[in-house]
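>>> no sequence on this one, just coordinates:
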């Protein structure tokens, strides 16, 4: 192989390869004669380019020929080469325009399909706005316990909650095993002292009543109601409005025998709650009694103290 065959050739086949130094290297001979292999490569590349141009022209030849024929008839004075160039440019522009129209129609049909067949609640603006937001961890809502206690009672226990009345309108609530034995809606609650009786062995409600201590003397009726409660029962008591004005000493003594330590201290409009067992003893570690006296400087309601409450769990195996 000659020395110049290994020289990198410019991309343009018509550029002059040989300089004076190149001519000296080839001994004054022509490039094809000096390097047959290099000349053969030039011919092959030129042939490939020619074939590609011919293929493109053949693909567009029918349409271009028809358009060129029409233009030649309309403008016989224009050169055919100029008309051919203009026709080719117009043809490419028409193809691009057709592609743009086709893409626009496809996009319109796609949007119509999404609007017509995709459910509205699948994608919403609010849902899209939530994508970029940082997730917020929320604690699960606490499970409701029997009688709305803060924590559940262990297995084998009764749940109870006693809430006194507050002011003139808020009636007391006595709940046992998630059943409200006395509340403002069952028309059992009233002014004075409210009492509910529950069978301890079965946990079932037996009876309830309220005893007015302001408008009349119902102490005797309250004593009879407590004495008629059978052995093995629970008595749950709560005041509303006033439970002391006409409460006599004999009734106080009877309630004190059930285990009350505050009944002797009850005053006008005192809030008082109490749970007692008849015929057996309740555990010492449960809430059994609370009292809140009326104080004009501390009252929650005008003339009445705030409500007071006891709650807890009673074991089922006391008797």
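Yep, it's here. Not measured: the values here are computed from a predicted model. Numbering: from 1, shown residues only.

>>> need the helices for the stretch 101-250 of the chain, in chain order.
125-131, 219-228, 249-257 (DSSP state H, counting those that start in this stretch).

>>> average model confidence for the shortest one?
Average pLDDT, helix 125-131: 66.

>>> about what we covered before: now render the helices of the stretch 101-250 of the chain as CSV, adding mean neighbour count and distance to residue 102.
The way it works is simple: take the backbone N, C-alpha and C, and place the C-beta from them, glycine included. What follows is the helices of the stretch 101-250 of the chain, written out as CSV (neighbours: other Cβ atoms under 10 Å; distance: least, Cβ to Cβ, whole Å):
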stretch, mean neighbour count, distance to residue 102
helix 125-131, 8, 29
helix 219-228, 15, 92
helix 249-257, 15, 94
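
>>> Distance to residue 201 added to these, as CSV?
Converted to CSV, these look like this (distance: least, Cβ to Cβ, whole Å):
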stretch, distance to residue 201
helix 125-131, 56
helix 219-228, 18
helix 249-257, 22
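
>>> so which of the ones you listed gets nearest residue 241?
Closest of the helices of the stretch 101-250 of the chain to residue 241 is helix 219-228, at 15.3 Å (criterion: Cβ to Cβ).

>>> So which elements touch the closest one?
strand 192-199, strand 205-211, helix 249-257 (3 or more Cβ pairs under 8 Å, 6 or more residues apart in numbering; DSSP states H and E).

>>> hmm, who's touching the last one?
What that stands for is helix 249-257. 219, 220, 222, 223, 226, 227, 237, 263, 264, 266, 274, 276 (Cβ atoms under 8 Å, 6 or more residues apart in numbering).

>>> Helix or strand next in line after that helix, which one?
Reading on from helix 249-257 to the C-terminus, the next helix or strand found by DSSP states H and E is strand 271-278.

>>> Each with direction, which strands does that following strand pair with?
Paired neighbours of strand 271-278 in the sheet (DSSP bridges): strand 233-240 (antiparallel), strand 289-292 (antiparallel).

>>> Tell me which of these sits most buried.
Across those, the average number of neighbours (mean count of other Cβ atoms under 10 Å) peaks for strand 233-240, which reaches a mean of 24.

>>> so how many other residues sit close to residue 170?
Look at residue 170: counted by other Cβ atoms under 10 Å, it has 19 neighbours.

>>> Low-confidence bits of the stretch 151-300 of the chain, can you list those?
Within the stretch 151-300 of the chain, the set of residues satisfying pLDDT under 70 comprises 187.

>>> if we go to 90?
Low-confidence segments of the stretch 151-300 of the chain (pLDDT under 90): 166-170, 184-189, 215-217, 294-300.

>>> which residues does residue 174 contact?
By Cβ under 8 Å, 6+ apart, the neighbours of residue 174 are 161, 162, 163, 180, 181, 182, 183, 194, 196, 208, 236, 238.
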